[in-house]
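1. Sharing a model prediction with you, sequence too.
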2 protein chains.
Amino acid sequence: MAEKKSDRTRAAILAAARERFGADGYERATIRAIAADAAIDPAMVMRYYGSKEKLFAAAADFDIRLPDIGDVPLESLGEVLARHFLERWEADDSLRVLLRTAVTNEVAVERMRGIFAAQLAPTLRVQAVDQPDVRAGLVASQVLGFALCRYILGFPPIATMPDDEVVAWLGPTLARYLTSPAPRRLRHA
Amino acid sequence: MAEKKSDRTRAAILAAARERFGADGYERATIRAIAADAAIDPAMVMRYYGSKEKLFAAAADFDIRLPDIGDVPLESLGEVLARHFLERWEADDSLRVLLRTAVTNEVAVERMRGIFAAQLAPTLRVQAVDQPDVRAGLVASQVLGFALCRYILGFPPIATMPDDEVVAWLGPTLARYLTSPAPRRLRHA
DNA sequence: AGCATATGCCAACACCTGTTGACTTTTACC
DNA sequence: GGTAAAAGTCAACAGGTGTTGGCATATGCT
């Protein structure tokens, strides 16, 4: 049982940081506000995490483990992915933190890339899909775009859409990005 | 010929503001930096635009006129829209400004909503599409998500994809959102 | 008990932010 | 050419930011 007390405030800081970063974005989330939420002194944040950048890095450090899709048939992969991502987005605000901050913070961009390019693409490669990077990118574009409209921008019909309907709309799109033959390349000019 | 000189610096400020807001987002784009880019004094920005908020409102005030799609057959509407949006995104950085700032600035969100919910949805209504708001929202989710990955996050395969390939991938998705019968509504519980 | 150490609070720092007012220069009209 | 208004400059303000060091308190070990 190593240092019980400090660990609890460390965790409180991290939780408050996640909430603030997710709600306000990187620049508007101030250390003072985070400290106030955690009911401790701003100096504690610095003592425990060194700097705002490092605090953010710690707050954004979690692993989004994609489910093992090795045995999922390619046809139903779209719906499976859609449902998984939806659950993941609503489970906690980790991904919302990443999305809100990725627009101005390079660390968040890298983390986000780690999920799609470095985790989804290799998983697709297992399924022997061609151009896995392109397909992973397309999936990312639809998933992130939907999350943007639903959780950040709050576009009315998207924000209130029931989960099942979301899966019904997004599933086929993701499925097409994963299974449809790549379009013939035209002249670059 | 009303006040020539002032109009030129007004325009210079606005141009610099668009660039900075688009590159850095609302909070990190400082009035001092914008003024420096326009090679004028920060006080001039205030004299001409009153406040940072009003400057931003002015910088984000442009009309994205969607093309008249009244005579485009529904089948090819997806590709037409995909190509139009792509052109519009790359013509200037207006839309990039909106997207980068919409994450933390409410004015930008409203402008963005004005494009999709208040402009695209009614246009769809003309084509007698059912649930035009939902479909406009879905189109927004894919268009914005792709723009996010391509212009803001810079995901490698998406950022470098040739325009024709973009249209080939996104066109059918948008077409489906516009033409596919809405999925049966399940229980809300 | 006493003491070293971990934990917490406070006040201040240096800097940057939007914003303001007074002052000087340029412009344009009679 | 003189003069009033427009355009531009400069310095400063008030407030907020991340960050730091010193000091008080609590904790846990021997």
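-> Thanks, I have the structure now.

2. Which segments of chain A make up each domain?
-> A:4-59, A:74-179 (automatic domain parsing).

3. For DNA strand D, which of those is the nearest?
-> domain A:4-59 (3.4 Å; CB to the nearest atom of the strand). Yep, even glycine has a C-beta here, placed from its N, CA and C like the rest.

4. any idea of the mean pLDDT for the closest one?
-> On average, the pLDDT along domain A:4-59 is 94.

5. all helices of chain A, in order?
-> Using DSSP state H, the helices found in chain A span residues A:4-28, A:31-37, A:42-49, A:52-59, A:74-91, A:94-102, A:106-115, A:121-126, A:132-147, A:156-159, A:163-179.

6. Export these as TSV, with columns for distance to DNA strand C.
-> Conversion of the helices of chain A to TSV gives the following (distance: least, CB to the nearest atom of the strand, whole Å):
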stretch	distance to DNA strand C
helix A:4-28	3
helix A:31-37	8
helix A:42-49	3
helix A:52-59	13
helix A:74-91	29
helix A:94-102	19
helix A:106-115	18
helix A:121-126	38
helix A:132-147	28
helix A:156-159	30
helix A:163-179	38
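
7. between those helices, which one is nearest to B:Ala60?
-> Among the helices of chain A, helix A:4-28 comes nearest to B:Ala60, with 17.3 Å by CB to CB.

8. Give me the buried positions along that closest one.
-> A:9-10, A:12-14, A:16-22, A:24-27 (16 or more other CB atoms under 10 Å in any protein chain shown).

9. Same list, the residues you listed, but only the ones touching chain B.
-> Under the cut-off given by CB under 8 Å from any CB of the partner chain, chain B has A:Asp24, A:Gly25, A:Glu27 from those close to it.

10. nearest spatial neighbour of the first one, skipping sequence neighbours?
-> Nearest residue to A:Asp24, sequence neighbours excluded (CB to CB, 6 or more residues apart in numbering or on different chains): B:Thr104, at 7.2 Å.

11. Backbone dihedrals for that neighbour, please?
-> Phi and psi for B:Thr104, reported as degrees, to the nearest 10, are phi -120, psi -10.

12. For the domains of chain A, give me JSON lines that also has distance to DNA strand D.
-> Compiled in JSON lines, those are given as follows (distance: least, CB to the nearest atom of the strand, whole Å):
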{"stretch": "domain A:4-59", "distance to DNA strand D": "3"}
{"stretch": "domain A:74-179", "distance to DNA strand D": "13"}
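
13. ranking those domains by burial, who's on top?
-> Of all the domains of chain A, domain A:74-179 has the most neighbours on average by mean count of other CB atoms under 10 Å in any protein chain shown, namely a mean of 20.

14. Now do it, average pLDDT.
-> For domain A:74-179, the per-residue pLDDT averages 93.

15. what about it, start to end distance?
-> Using CA to CA, to the nearest Å, the end-to-end distance of domain A:74-179 comes to 7 Å.

16. Next up, the contacts around the closest residue to chain B within chain A.
-> When scored by CB to the nearest CB, chain A has A:Gly145 as its residue closest to chain B, at 1.7 Å. A:Gly145 sits next to B:Ala140, B:Ser141, B:Gln142, B:Val143, B:Leu144, B:Gly145, B:Phe146, B:Leu148 when contact means CB atoms under 8 Å, 6 or more residues apart in numbering or on different chains.

17. what's the nearest residue to the residue nearest in space to the middle of chain A if we skip its chain neighbours?
-> Closest residue to the average C-alpha location of chain A: A:Leu95 at 3.2 Å, with CA atoms, centre = their mean. Once its chain neighbours are removed from consideration, A:Leu95 has its nearest residue in A:Trp89; the separation is 5.3 Å (CB to CB, 6+ apart).

18. Hmm, A:Tyr151 and that neighbour touching each other?
-> Yes: the criterion here is CB atoms under 8 Å, and A:Trp89 meets it with A:Tyr151 at 6.8 Å.

19. any shared contact partners between the two?
-> With CB under 8 Å, 6+ apart as the test, A:Trp89 and A:Tyr151 both reach A:Arg96.

20. still on that earlier bit, turn the helices of chain A into a markdown table, columns for distance to B:Met161.
-> Written out in a markdown table, the entries for the helices of chain A read as follows (distance: least, CB to CB, whole Å):
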| stretch | distance to B:Met161 |
| --- | --- |
| helix A:4-28 | 28 |
| helix A:31-37 | 39 |
| helix A:42-49 | 38 |
| helix A:52-59 | 30 |
| helix A:74-91 | 21 |
| helix A:94-102 | 20 |
| helix A:106-115 | 16 |
| helix A:121-126 | 15 |
| helix A:132-147 | 7 |
| helix A:156-159 | 25 |
| helix A:163-179 | 13 |
